[in-house]
Every structure is written in C-alpha cells, then in structure tokens.
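Student: Quick one, fold the following:
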Amino acid sequence: MASALTARLSHRVPRLSELIGAAAVEAWWEGLRAVYLWQVERDLELLTRHVGWPGVAGAYRTPLRNPNELFATAYELRTAAKLAPVVDGLELRPRVSAGACDLAVRLAGQRVFLEVTTRDDVFPWQRGGRVEDPPLTARETIHREFRTTTPDQLVPTRDVPASEELRQAITREVGQLPRGEFNVVVLGTPNSKCLDVETALFGDERFRSAPRSDLERVAVANGLFAVADEEGGLSELSAVVWLRLRHNGHDIRTHGRSFLNPKARHPLPPGIENVFRRVFDRTSVLEEELQRITRVLVEQYRAERILLFGSLAREFPADGVHDASDIDLAVVKPTTARFVDRLREAVDLVEPRVGLNLLVYTPEEIAQAQSSGRSFVRDEILARGKLLFPADG
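Tutor: Numbers count the residues shown, from 1 in each chain. Model prediction:
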C-alpha cells in the first residue's frame, strides 16, 4: 500500500510521478532535490501545453528515471520550457544524422538546434583522495600550443577559471549538432561562474609577476570563439548560452548569459539573436534598459546624482542577476516634494519596460544618512552602489 507521502506527491507532481513512479519521487523528495523536482514538474507541465504529453514523455521518461541524470535533465527541461512560449515551433530530441540532439526550435522560418550539457567545476582539492598533480598545476587553463613563453608560477587563487575543462565540454557537445545549421550549446554550470564560460570562449587571463606591482594580468586569446578551426576554434557553433539553476528558498532561480560566436560560419540572424537574448540574457536586457533610463533621468528629470545598487551593480553582474531581477536605482535631486510624490514623478517620466526599484533622495537626506550610525542608504547604496552620473564621480 502506498505511503501517505507517496499519495500526496502523486497529486503534487503528477507528470513526474507518471514518468518515474511515485515511489522514486518520494525517494528523491528530500533536501534540495525537492525544489528541483518541483521545478521539473512545472517545466513538464509548460512543455506539455506546447508539445503535447506523448512527445514530452517520450523525450524525458528514460533520462528522468536515471538518478545520475536528474540535474542534467533539469537543465534541459528548463531550456526547453523557457523557449517554448516564444518560438514558432519546438522539437524535443530531433533526429540529427545518425543520432539526435536535445532540442530544435523554429524561429522566423529558421531551425536552430541546441545541445544542453552540464559541467560542474570542482577544484582539485575538493575532489577528495590523493591529487596526483599539485592543485595549482591542475588548475592550469592555457593550452600548451598557445603558450609563447615558459609558464609563470600560478597564483594560488580560486579565481583561476576552469576554462580548459569547459572548452573540452563544449567541443564534445558540438559533435551532437548538425553541420551547416544554426547551432547553440547550452552549458549548465551549477557552481561555476559566468566568467569561467566567458574565458573559455574568448580567452584566458594569466597572472604573473611584474615590476613595481605584485601581479599583472596577461590576456591569452585561446578561447573557442577567438581562434580559427585549425587552432581549436568552433566555427560550426553559432552561440553558447551559460545557464545556472540556483536553489533559493522554496524556488529555483535561473541565471543566464548568451554569447555569440564572432567567427561563426552561420551566425544567428538578428531576430533570432534578440529572442535568445531576451530569454537567456537578463543581464543584457537590464543593462540596455538602464542606459535608456539613465538618459531620461539626466536629460529630463535633471538628476544631480544617479547610483545603481543591487545585483546589477556587482563586478560580475551575471552571477547575481536572475530571470526575475530588476533594476535598483537611487537618484539624488533637490526637491520639496513628498517622498512618494518624487517616486511617482520619476517613474511616470521614465516609463520603465522592466522591473524598476527607484528611490529619490535630496542632498540633505543623503548627508544625514552618511552621518548616521547605520542605514540602508549608507551601507547598501553609497558603500556598495555604483555611481552612474556624474561619470567623473
């Protein structure tokens, strides 16, 4: 007889329970996995509306029944579910040559093929057991054929990207995609940073000693999008999407960034490029809207100062920005209007096209916040924010 929990789960995640069995769902329903399973259920439901349940079940029944493929399949489902509402057509596991790739979409009369993979960066000293090579050597990221000098001593830092392993993962996945088509690899990296993927595509940075300074960054153009095919490049690849699903309380947040290949044999047409940017690259969308809002606030609202705070103000914003992120702005302007009236006036003027958290302070209020013991304005906006206007600070 089924347990009470099994019965409840069959009602809460019916599609997932039908695919893998309610008992298997119950076995996985613990800790962080419960949140991922709930996200999988929602994505299965969304895809069913666009593809139909037989097609969804046929594509994902086998991988979801393998516990080792749970997270990889969650990334594949999330990719398909994000594209399904905005494309003209979606194919799960379309036939390609002698095999199949993960996904194909139709946009503006064109087919785009996608292969989804996951690669979690684990540093050598986190792998357990005996590490044959010293950790710093194992984190070397530059191909030997790209070296022009004797390698310098690596710096002991976790910030050295995992670009070499990511390059290899992307190259392997391209083999699943058809030649002569618009091809995209979606690379899920649960714990790696967007910077890791960017360096894998466009080139590494090395650290070495330099006169009158401790370290010097040296760029190395060894990325997959920076070199010719005969040197290890991938002109058959139109773009790479970086994706990260991050547990956040009772939900999963999706972080993403899209990278176009400047050397692509078949570059994505502008219309398709814009769709991928809107779906996967929230950072780019927010930054474009931020530029427009800033111009309006300077030219029409006559702002004295504009400060950006929140996730978009980070040094590497893509790691903090997710698909529901908004823009956080603080404006300084002399005014006698009530606080709520200032906000209404500024928001009505900029007419935001994305979520906007806009705060307006007078110079006197800013000065008071700076001298107070603790305040949100001083500790979050002034200390951690980024000054957008005036540009000279």
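
Student: Give me the most central residue, this protein.
Tutor: Gly256 (1.9 Å; CA atoms, centre = their mean).

Student: Please report how far the nearest residue to it once chain neighbours are set aside lies from Leu187.
Tutor: Of all residues not flanking Gly256 in the chain, Phe280 sits nearest, at 4.0 Å (CB to CB, 6 or more residues apart in numbering). Every residue, glycine included, has its C-beta placed from N, CA and C. Noted for Phe280: a distance of 11 Å to Leu187, by CB to CB, to the nearest Å.

Student: shared neighbours of the two, which are they?
Tutor: Counting by CB atoms under 8 Å, 6 or more residues apart in numbering, the residues touching both Phe280 and Leu187 are Val241, Leu243.

Student: Show me where the stretch 51-200 of the chain has its strands.
Tutor: According to DSSP state E, counting those that start in this stretch, the stretch 51-200 of the chain carries its strands in the segments 89-92, 95-96, 99-100, 103-107, 110-118, 182-188.

Student: Could you list the buried residues of the first one?
Tutor: This points to strand 89-92. Leu90, Glu91, Leu92 (16 or more other CB atoms under 10 Å).

Student: So for Arg374, what's the pLDDT?
Tutor: As predicted, Arg374 sits at a pLDDT of 71.

Student: Buried residues, the helix or strand hosting Arg295. List them.
Tutor: Per DSSP states H and E: Arg295 is located in helix 282-299. Within helix 282-299, the residues scored as buried using 16+ other CB under 10 Å are Arg282, Thr283, Ser284, Val285, Leu286, Glu289, Leu290, Ile293, Thr294, Leu297, Val298.

Student: what's the following helix or strand past that helix in contact with?
Tutor: Counting by DSSP H and E, the element after helix 282-299 in chain order, helix or strand, is strand 305-309. With contacts defined as CB under 8 Å, 6+ apart, strand 305-309 is touched by 290, 294, 297-298, 327-332, 380-382, 384-390.

Student: got the angle for strand 305-309 vs helix 282-299?
Tutor: Taking axes from the mean of the first three to the mean of the last three CA atoms, to 10 degrees, one finds that strand 305-309 is oriented at 160 degrees with respect to helix 282-299.

Student: Extract the C-alpha trace of strand 305-309 and format it as CSV.
Tutor: Extracted in CSV, the C-alpha atoms of strand 305-309 (Å, rounded to 0.1, in the frame of the first residue of the first chain):
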residue,chain,number,x,y,z
ARG,A,305,23.5,62.0,-9.0
ILE,A,306,22.4,58.5,-10.0
LEU,A,307,23.6,55.4,-8.2
LEU,A,308,23.0,51.8,-9.2
PHE,A,309,22.8,49.2,-6.4
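
Student: Neighbouring strands - and their directions - for it?
Tutor: Strand 305-309 has the following strand partners under DSSP bridges: strand 327-332 (antiparallel), strand 386-389 (antiparallel).

Student: Take these and write them to CSV, including mean pLDDT.
Tutor: CSV is the format used below for the strands paired with strand 305-309 (pLDDT from 0 to 100):
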stretch, mean pLDDT
strand 327-332, 97
strand 386-389, 96
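
Student: distance of Gly320 from Arg314?
Tutor: Relative to Arg314, and taking CB to CB, Gly320 is found at 5 Å.

Student: Between the two, tell me which one has more neighbours.
Tutor: Between Gly320 and Arg314, counting by other CB atoms under 10 Å, Gly320 is the more crowded of the two (18 against 15).

Student: Run through the neighbouring helices and strands of the helix holding Arg295.
Tutor: strand 251-260, helix 270-280, strand 305-309, strand 327-332, helix 339-350, strand 386-389 (3 or more CB pairs under 8 Å, 6 or more residues apart in numbering; DSSP states H and E).

Student: Point out the most buried one among these.
Tutor: strand 327-332 (a mean of 23; mean count of other CB atoms under 10 Å).

Student: Report the inter-axis angle for that strand versus helix 339-350.
Tutor: 120 degrees.

Student: wait, isn't Ile327 in contact with Leu286?
Tutor: Yes. Assessed by CB atoms under 8 Å, Ile327 is found in contact with Leu286 at 5.7 Å.

Student: what do these two both touch?
Tutor: The contact sets of Ile327 and Leu286 overlap at Leu312, Val354 (CB under 8 Å, 6+ apart).

Student: Pull out the buried positions in the longest helix seen in the chain.
Tutor: When the chain is scanned for its longest helix (criterion: DSSP state H), the result is helix 32-51. Neighbour counts over helix 32-51 (16+ other CB under 10 Å) mark 33-48, 50-51 as buried.

Student: re earlier: columns distance to Asp348 on top of the strands paired with strand 305-309, output as a markdown table?
Tutor: Shown next, in a markdown table, are the strands paired with strand 305-309 (distance: least, CB to CB, whole Å):
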| stretch | distance to Asp348 |
| --- | --- |
| strand 327-332 | 14 |
| strand 386-389 | 20 |
